[in-house]
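Peer 1: Here is a sequence together with a model predicted from it:
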Amino acid sequence: MNSAYLFVTMILSFSHFVQFESLAFDKHLVFESGVVINELMASNQNAVTDPAGEFDDWIELFNNTNNDVDLSGHFLSDNPENLKKWEFPDETKIAKNGYLIVWADEDGDKDQEGLHANFKLAKAGEVLFLVSPDSIVIDQVIFGVQETDKSLARMPNGMGDFQIKNATFSFNNDDAVATNEIDDFSIKAFPNPTNDFINVQLSQSKGKAFPITISSNQGQLVFKSEINGFLRIDVREFPSGIYLGKINNTTFNIQINH
């Protein structure tokens, strides 16, 4: 057995995810693949819902390259003794400079919308691996106790150290707007479901413009703009499905039926 692997296993057994030597992995492969674990949330009560409306743990990957990357045959795992715990389905791709969301809800159900891993994240802390088809760890995150409805995110986006912060689900971690910039914040999106246009109305904007994004149920960014009170969005070219809208750190679901 690899000595570095044995060392990590022993530490995991005798301490609860305090700082320790990490499992040896190929940093050169991380650089070449360009895909990293970029953000995660291990205690989601009111932050972001999955396409079924459930507040599940989630993992965000980011592609640092200018090319799409095929993740078929890659794995995510929270167990150093089973690096192939959950396999990405065939044809899973992450767009260039794009984001991909995996819901860590234990479902592992390929029939659900989006990607659903067969494990949850531990609020008390654990280790998370991104693994290549030939079992090489290409990225890993070791984290301690997490705050409810806060994420652990790389700062700067895609390459920096991890910090606990407000979630920037499927969005650049550097572009978060402080939630205290607006009070009594509420959003109306109508008609919902829709097949052509969605109207988004922002209450109490106080004359400020805020970034608005819409992401697919797999976490891919499909729309980005700014809103100052009201915005009408053309969704006629969007495929049918459930989408996640986000303004500041407030999220809302949009259902498109063609």
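Peer 2: Structure received.
Peer 1: Not counting residues beside it along the chain, what's closest to residue 216?
Peer 2: The shortest distance from residue 216 to any residue that is not its chain neighbour, by CB to CB, 6 or more residues apart in numbering, is 5.6 Å, and that residue is residue 222. Where you see a C-beta, it was placed from the backbone N, CA and C, and this is true even at glycine.
Peer 1: Okay, domains of the chain per the record?
Peer 2: Domains of the chain are assigned by the TED database as 35-166, 187-256.
Peer 1: State the number of residues packed around the nearest residue to residue 66 once chain neighbours are set aside.
Peer 2: Sequence neighbours aside, residue 96 is the residue nearest to residue 66 in space, at 5.0 Å (criterion: CB to CB, 6+ apart). The local packing of residue 96 (other CB atoms under 10 Å) involves 13 other residues.
Peer 1: do the same with residue 44
Peer 2: Residue neighbour count, defined by other CB under 10 Å, stands at 27 for residue 44.
Peer 1: check which helix or strand covers it.
Peer 2: When secondary structure is defined by DSSP states H and E, residue 44 falls outside every helix and strand.
Peer 1: List the contacts of it.
Peer 2: 55-58, 148-149 (CB atoms under 8 Å, 6 or more residues apart in numbering).
Peer 1: show me what contacts residue 169?
Peer 2: Counting by CB under 8 Å, 6+ apart, residue 169 touches 39, 47-48, 58, 60, 101, 151, 215, 219, 244, 246, 251.
Peer 1: 10 Å - rerun?
Peer 2: Taking CB atoms under 10 Å, 6 or more residues apart in numbering as the criterion, residue 169 is in contact with 39, 41, 44, 47-48, 58, 60, 99, 101, 151, 153, 213, 215, 219, 244, 246, 249, 251.
Peer 1: how much space between it and residue 64?
Peer 2: If you measure residue 169 against residue 64 using CB to CB, to the nearest Å, the figure is 18 Å.
Peer 1: Which positions in the strand or helix carrying residue 202 come out as buried?
Peer 2: Here residue 202 is covered by strand 197-203, with elements defined by DSSP H and E. For strand 197-203, the buried set under the neighbour-count rule, 16 or more other CB atoms under 10 Å, comprises 198, 200, 202.
Peer 1: right, and residue 83 touches residue 133 too?
Peer 2: No. Here residue 83 lies out of contact with residue 133, judged by CB atoms under 10 Å, at a distance of 11.1 Å.
Peer 1: what do these two both touch?
Peer 2: residue 75.
Peer 1: Looking at the two, which is more packed in?
Peer 2: With other CB under 10 Å as the criterion, residue 83 and residue 133 differ in neighbour count, and residue 83 comes out ahead with 18 against 13.
Peer 1: just so I have it, where are all the strands in the stretch 101-250 of the chain?
Peer 2: Listed in chain order, the strands of the stretch 101-250 of the chain (DSSP state E, counting those that start in this stretch) span 115-117, 126-131, 137-143, 151-155, 161-165, 186-190, 197-203, 210-215, 221-227, 230-234, 241-247, 250-256.
Peer 1: Sweet, I'm off.
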